[in-house]
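Chemist: The sequence and its predicted three-dimensional model are supplied below.
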Amino acid sequence: MIPDSRARFACVLFGALALSGCGNYHIRADNAALQNDPRPQSWTGSVALASDPAVARCAVTRGGAAVTEVTTPAQVTLARGNDPVEVRCSAPGRMDTTVTLRPLRDFAVQHHQPTGPIGAGSNREDIRTGRVRRFFDTTVALPPASFASAAERDAFFSARAAAVRAGWEPQIARAERSRDAMIDSADTLRGYMQEDLAALDRQKADATVTRARGRR
């Protein structure tokens, strides 16, 4: 069986129209990435923003410019593109928390493969404009303003780190199965995950542990 990269190279070399199957190579690349996952419905341009606790005040910015301010739960409209979005949330008794939303490959739309002159041009536009990226629903978890013990703090942030890893695993696995179906490589996605984990570590370092009276 010819690996995806060699199949794409063959299409580029001989021309998409001259080789049977090259014209629908993007479908095979997508199917390899998705494996048994169904192809999603068309994205409406809206993401559901939730929080833990259930009600928080959140400011949404992109490229340093304000997008909107909402109280969770809320729907937020975001345009396609390559620029990430930052969501900063606050709630009584909780630490202010900022998360980064990154636009990722949208499998509901075609990501053109560079097969032939037309495909190559469309592929460049896909990458330049981010028109085949989308945002996903997000829940912002705000840690308590203080923890009763270091063990309680560590347990909270350990659970959050596990959730971050679990959230990135499907995207990384897709990139590993079919690089051509994705825009970001598996290494790039791992880098995003590490950035999120590093932000979580910084927040943990700032967390307050309130020891009970009489204890040292």
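Modeler: Received it, and whenever you're ready, just let me know what you need. Numbering: from 1, shown residues only.

Chemist: Identify the residue nearest the geometric centre of the protein.
Modeler: For the chain, the residue nearest the mean C-alpha position is residue 102 (4.6 Å; CA atoms, centre = their mean).

Chemist: Leaving aside the residues adjacent along the chain, what's closest to it?
Modeler: What sits nearest to residue 102 in space, not counting adjacent residues and going by CB to CB, 6 or more residues apart in numbering, is residue 84, at 4.7 Å. Heads up, the C-betas are built off the backbone N, CA and C, glycines and all.

Chemist: which residues does that neighbour contact?
Modeler: Counting by CB atoms under 8 Å, 6 or more residues apart in numbering, residue 84 makes contact with 62, 100-103.

Chemist: again, but for residue 176
Modeler: The neighbourhood of residue 176, defined by CB under 8 Å, 6+ apart, consists of residue 186.

Chemist: quick check: mean pLDDT across the helix or strand hosting it?
Modeler: Using DSSP states H and E, the element containing residue 176 is helix 150-177. Taken as a whole, helix 150-177 has an average pLDDT of 97.

Chemist: Show me what counts as buried in it.
Modeler: Going by neighbour count (16 or more other CB atoms under 10 Å), the buried part of helix 150-177 is 153, 156-157, 160, 164, 168, 171-172, 174-175, 177.

Chemist: Give me the helices and strands touching the following helix or strand past it, please.
Modeler: Downstream of helix 150-177, the first helix or strand assigned by DSSP H and E is helix 186-206. Judged by 3 or more CB pairs under 8 Å, 6 or more residues apart in numbering; DSSP states H and E, helix 186-206 is in contact with strand 97-101, helix 150-177.

Chemist: Between these, which one is closest to residue 40.
Modeler: helix 150-177 (12.0 Å; CB to CB).

Chemist: Just the CA atoms of stretch 33-51, as PDB, please.
Modeler: Coordinates of each C-alpha in stretch 33-51 appear next as PDB, following Å, rounded to 0.1, in the frame of the first residue of the first chain:
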ATOM      1  CA  ALA A  33      -7.300  10.900   9.600                       C
ATOM      2  CA  LEU A  34     -10.900  10.500  10.800                       C
ATOM      3  CA  GLN A  35     -10.600   6.700  10.800                       C
ATOM      4  CA  ASN A  36     -13.900   5.600  12.500                       C
ATOM      5  CA  ASP A  37     -15.100   9.100  13.500                       C
ATOM      6  CA  PRO A  38     -18.000  10.500  11.500                       C
ATOM      7  CA  ARG A  39     -17.500  13.600   9.400                       C
ATOM      8  CA  PRO A  40     -18.900  16.500  11.400                       C
ATOM      9  CA  GLN A  41     -21.800  18.700  10.400                       C
ATOM     10  CA  SER A  42     -21.100  22.100   8.800                       C
ATOM     11  CA  TRP A  43     -19.900  24.600  11.400                       C
ATOM     12  CA  THR A  44     -22.300  27.500  12.000                       C
ATOM     13  CA  GLY A  45     -19.500  29.900  13.200                       C
ATOM     14  CA  SER A  46     -20.700  29.700  16.800                       C
ATOM     15  CA  VAL A  47     -19.100  28.000  19.700                       C
ATOM     16  CA  ALA A  48     -20.600  27.100  23.000                       C
ATOM     17  CA  LEU A  49     -18.700  28.700  25.900                       C
ATOM     18  CA  ALA A  50     -19.300  27.100  29.300                       C
ATOM     19  CA  SER A  51     -17.400  27.400  32.600                       C
END
